[in-house]
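based on what follows, work out the 3D shape:
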Amino acid sequence: MNVKKTFCIILLFFILFSTIAIVSADDNKSYRIDQGYIELTVGNNGLLHVDEIYHYTFQGTFNGVYRDIPLKEGETIDNITVHTEGAYSETKVTDENGVKHLKIYLYADEAHTQKISDTSVNVYISYDMKNTVTLFNDVAGLQYKLWGENWDVGVNGLSAVVHLPGNKNIEYFLNPQEYNSSSDLTNNTISVTSTSIPSGEFYELLVLMPLSDFDNATYARHVNGMGREQIIHNLDESVNGRNFWNTSFIVLGLLSLISPIASIIIYLRFGREPKVNYDGIYEREPPTDDPPAMVNALIDNSRDIGTPNMNGFEATILNLIDKKVFELEARRDPNTDLTDLYLKLNRERTSSLSIHENTVFDIMEMFSDSNDIVNLSNLNNDLSYESNAKMFMEEYNEWQQDVKHEYLDSDNLELYFNNKGSKFMKILGICGILLGIIIFVLGLFTNLRNGIFAIGGGIALAIFSLIVIFLPNDIFGQWTKKGRVFYLKWSNFKKFLKDNSLINEHPPESIVVWKKYLIYGAALGVADNVYKSMKLQEKNISVYDDDVFLYHHYGGYYMMHNAFMTGQSSANPSTDSDFGDFGGLGGGSGGGGGGAF
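Predicted coordinates for the structure are as follows:
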């Protein structure tokens, strides 16, 4: 990301947060509904009379409140009256897409000139509803939302009283059941209290009454059919469905434990290392004569054992310098007094190269001039172009496959490492991330209280699964006995190369060994440590007699490393992108919502 782009992003964030701060400062107000009271009176003519009382507490200055009452098909609402305690009021009533919208302006003075501020107000709303009670051929029913899901805020508690036309053979149901605090049926009156109900949820009453309680019910809706059995069936299905999801969210939350449990099982089955007869502390010389790329693939790439990385590629270049396939030349520019490094490609020495070494030769050839010379000082600039970088990465990927094909195909890799456990964990990790996201989304988009279990479980599962994907292969994979000894010996050699004091205490006896140190040090990612030790031993070795040493001395290793990192980055340029009910019941009349403005 360039400086200009970074500056623009920082500026946008600054403007955004400044705006939020200003808005927050100018709009430092809030309100709550401390208590709601609903009284329903069902007439024997089918008319439903509704009285609502809401106790508001305001912090800050407000214009008033509003109340939206939805009407189902065929329902009507009449005789709306509104009055308030604690403020003067004026009400405007409008119809908006099947919703009766009451806008109640609140004033601190009788002249209606001052807005309310930091006060409590009781709002009384009364109205009649027709075609809300339904008469079937066998039963009369009223399904009514005492609290609707469209309120801007929740209510700390709700009380309701329902007066019915008769007092016998009455059945009533309150849902969702988790909001029930107490209820009672005495004679023809149902009394209800609820717990706090959050914003976005509803609280609903279903009452079944005998048809004999109604006489000339002109204000009721009439349905020619048997109703009770179907009503109870629908109620059971939706209640059971809600209970199912409430239970499911707990279970989904607990699914976050699956990955840790499965990880333990996989580790016990595939991850424990075999006991081997080796107890060395360090190795002073390369334990085997395997190619540096192969050593790199097994030792230096713990996230994908068996696949070489860029350290192995650079070690192969060093090895080719040692074999005189690449010849080094340093040229000092008289104008800048800087030294440029050049690699001369020696085609006469390519006949005995292995497949992966030939691929490296071909890659360097892509950046050579007509005289088969590569300017290492310009290589970083060459690889900064996306087209060159992609061409390089294609060849680099081919080189990786060449190493695996030559030395570590599936049969050969199995001699050193059993990666079944790591494969299982990668699959488990990917599935865990997807499942965690799904569980999180399910919990996020439900108003059920138990959704919090799904949200927490989904986050935990996704995070754990993401960590599992990036763990080294050998945690859940397993070295064979041969591979374990190989790993321990080369790890001890790497430890030796990293410790300057050990090399100073036991310096190599020949330049040949020093070169091996550099080559395998590059493969193991510790070439810098080896070069520092060499600098301390300059008086004992002729570092300027060999291209391998000159390569480091003039910074060739860093030039090449930086160039290849640039190639990887340029081949994959970053792009800007935007990342981004379970209901239950809720079929009743009334409800709706409201808020303050």
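
remind me what the helix or strand containing V548 packs against, helices and strands.
Using DSSP states H and E, V548 falls within helix 547-553. With contacts taken as 3 or more Cβ pairs under 8 Å, 6 or more residues apart in numbering; DSSP states H and E, helix 547-553 sits against helix 310-322, strand 326-333, helix 511-523, helix 527-536. The C-beta positions use only the backbone N, C-alpha and C, and glycine is treated the same way.

who touches that helix?
318, 321-322, 324, 326-328, 330, 341, 514-515, 518-519, 527, 531, 534, 543-544, 556-557 (Cβ atoms under 8 Å, 6 or more residues apart in numbering).

that one: how far from the chain's middle?
Its chain's C-alpha centre and that of helix 547-553 lie 47 Å apart, by Cα atoms, centre = their mean, to the nearest Å.

state the mean pLDDT of that helix.
Helix 547-553 carries an average pLDDT of 73.

if you average pLDDT over each of the helices and strands packed on helix 547-553, which is lowest?
The bottom spot among those, by mean pLDDT, belongs to helix 527-536, with a mean of 75.

now for N277, how many residues are close by?
By other Cβ atoms under 10 Å, 6 other residues sit near N277.

please list only the buried members of the contacts of helix 547-553.
318, 321-322, 326, 328, 341, 514-515, 518-519, 527, 531, 534, 543, 556-557 (16 or more other Cβ atoms under 10 Å).

pretty sure D109 contacts Y88?
Yes. Using Cβ atoms under 8 Å, D109 is in contact with Y88, at 6.7 Å.

more neighbours: which of those two?
Y88 (17 against 11).

re earlier: among the helices and strands packed on helix 547-553, single out whichever gets nearest to I104.
helix 310-322 (69.7 Å; Cβ to Cβ).

elements contacting that closest one?
helix 292-295, strand 326-333, helix 355-366, helix 386-407, helix 511-523, helix 547-553, helix 556-571.

which elements pack onto the fourth one?
In terms of contact count using 3+ Cβ pairs under 8 Å, 6+ apart, helix 386-407 is assigned the packing partners helix 292-295, helix 310-322, helix 355-366, helix 556-571.

what lies in contact with the second one?
Pointing back at helix 310-322 there. 291-293, 295-297, 300-301, 326-328, 343, 353, 356-357, 360-361, 364, 396, 399, 403, 515, 518-520, 522-525, 527, 547-548, 551, 557, 560-561, 564-565, 568.

which outside residues touch stretch 216-223?
43-48, 74, 130-137, 140, 214.

next, the contact list for L48, please.
Contacts for L48 (Cβ under 8 Å, 6+ apart) come out as L40, T41, V42, D128, M129, K130, T132, V133, L142, Y144, Y219.

kindly recompute the last result at 7 Å.
Residues near L48 by Cβ atoms under 7 Å, 6 or more residues apart in numbering: L40, V42, D128, M129, T132, V133.

which of the residues you listed fall within strands?
Counted as lying in strands by DSSP state E, out of the contacts of L48, are L40, V42, D128, M129.

give the bridge partners for the closest residue to the last one other than its chain neighbours, please.
So the one you mean is M129. The shortest distance from M129 to any non-neighbouring residue, by Cβ to Cβ, 6 or more residues apart in numbering, is to L48 (4.4 Å). Note on L48: beta-bridge partners by DSSP bridges are V42, M129.

how much space between L48 and L206?
14 Å (Cβ to Cβ, to the nearest Å).

E398 too?
From E398 over to L206 (counting by Cβ to Cβ), the distance is 70 Å.

also I519?
Counting by Cβ to Cβ, the gap from I519 to L206 is 81 Å.

now R332
Using Cβ to Cβ, R332 is found at 94 Å from L206.

then N45?
N45 is 21 Å from L206, by Cβ to Cβ.

which of these two has more residues huddled nearby?
The residue with more neighbours, out of N45 and L206, is L206; 20 against 15, by other Cβ under 10 Å.

contacts for the helix or strand containing that one, please.
L206 is part of strand 203-209, with elements assigned from DSSP H and E. By Cβ under 7 Å, 6+ apart, the residues outside strand 203-209 that reach it are 139-147, 158, 162, 164, 166, 170-175, 179, 194, 197, 228, 231, 235, 585-586, 588.

how about stretch 71-84?
69, 89, 91, 93, 98, 100, 102, 104, 106, 121-132, 221, 589.

mind listing what's buried in that stretch?
L71, E75, I77, I80, V82, T84.

got the contact list for S30?
Contact partners of S30, counting by Cβ under 7 Å, 6+ apart, are Q59, G60.

tell me the least confident of the ones in strands among the contacts of L48?
Within the set of those, pLDDT is lowest for M129 (86).

mind giving me the PyMOL select for the contacts of stretch 216-223, buried ones only?
A single PyMOL command is used to select the members of these judged buried by 16+ other Cβ under 10 Å:
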select buried, resi 43+44+46+47+48+130+131+132+133+134+135+136+140+214
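
among the contacts of stretch 216-223, name the ones in helices.
Using DSSP state H to define helices, no part of those is located there.

returning to what we had before: tell me the most buried of the helices and strands packed on helix 310-322?
helix 292-295 (a mean of 26; mean count of other Cβ atoms under 10 Å).

how far does that helix sit from the chain's center?
Distance, centroid of helix 292-295 to centroid of chain: 37 Å (Cα atoms, centre = their mean).

one more: stretch 82-100?
Centroid separation for stretch 82-100 versus its chain: 44 Å, with Cα atoms, centre = their mean.

and for stretch 361-373?
Relative to its chain's centre, stretch 361-373 lies at 45 Å (Cα atoms, centre = their mean).

ok, stretch 351-364 next?
43 Å.

who's in contact with that stretch?
293, 313, 316-317, 320, 325, 343, 345, 350, 374, 392, 395, 398-399, 402-403, 406.

repeat that for 8 Å
291, 293, 313, 316-317, 319-320, 325-326, 343, 345, 350, 374, 392, 395-396, 398-399, 402-403, 405-406.

pass me the low-pLDDT residue ranges in the stretch 251-400 of the chain, would you?
251-259, 262-263, 265-273, 336-337 (pLDDT under 70).

make sure T119 is actually in contact with Y88.
No. With contacts counted by Cβ under 8 Å, T119 stays clear of Y88, the gap being 11.7 Å.

need the overlap of contacts for these two.
A108.

make JSON lines from the ones in strands among the contacts of L48 and add neighbour count and distance to N380 to it.
Below are the ones in strands among the contacts of L48 laid out as JSON lines (neighbours: other Cβ atoms under 10 Å; distance: Cβ to Cβ, whole Å):
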{"residue": "L40", "neighbour count": "23", "distance to N380": "79"}
{"residue": "V42", "neighbour count": "25", "distance to N380": "84"}
{"residue": "D128", "neighbour count": "17", "distance to N380": "82"}
{"residue": "M129", "neighbour count": "25", "distance to N380": "78"}
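
tell me the one of these nearest Q59?
Nearest to Q59 among the ones in strands among the contacts of L48, with distances taken as Cβ to Cβ, is L40, at 31.6 Å.

now the closest residue to that closest one other than its chain neighbours, which residues is it bridged with?
The shortest distance from L40 to any non-neighbouring residue, by Cβ to Cβ, 6+ apart, is to V162 (4.5 Å). Beta-bridge pairing for V162 (DSSP bridges): L40, I190.
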